[in-house]
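Q: Predicted model follows, preceded by the sequence.
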Amino acid sequence: MAKHFVGIWLIYWAVIALLPVHSIYPATLEAFALQCTFVALVLVAYTLAYAILGASALPAAGRFDLPTTPKLIRIALGMSIIGFFFLIYDKIYIQGIDFSDGIAVAREEWRRVGEDREGQVSSIFSV
């Protein structure tokens, strides 16, 4: 399972590095360091759990028999939907982005507004 976790992160970083775009935010190195820290912490926690509990106590890849899994999935989906509506509220009502001329025009306006803020968040709803 840890190999899959690291492999997916490596693929993600490779795709980001190969994309012909660049970030308008200057703190990309800090973001990458934060992601590396996250991956390292997860691997350390997994290794400690493996060492303390043993291999038999950890679920095999693809075999999660947790009784609360459906409830956790519903909570995660609910939080995602709430976050999506918060982002819509932030873009339309707080930032005043007009989507009536199409997504490309709205995206350019969104980019311009973001540059005016110098990369700062527009409201708590966009967090």
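A: Nice, thanks for sending it over. Residues are numbered from 1 along each chain as shown.
Q: least trustworthy helix or strand in this structure by mean pLDDT?
A: Every helix and strand of the chain was ranked by mean pLDDT, DSSP states H and E. The lowest is helix 103-116, at a mean of 85.
Q: Off-centre distance for that one?
A: Offset of helix 103-116 from its chain centre (C-alpha atoms, centre = their mean, to the nearest Å): 21 Å.
Q: just checking, residue 2 touches residue 43?
A: Yes: counting by C-beta atoms under 8 Å, residue 43 is a contact partner of residue 2 at 6.1 Å. The C-beta positions use only the backbone N, C-alpha and C, and glycine is treated the same way.
Q: what about the chain, any weak spots by pLDDT?
A: In the predicted model of the chain, residues 55-66 satisfy pLDDT under 70.
Q: try 90 this time
A: Within the chain, the set of residues satisfying pLDDT under 90 comprises 1-5, 16-17, 19-29, 31, 46-73, 87-88, 90-127.
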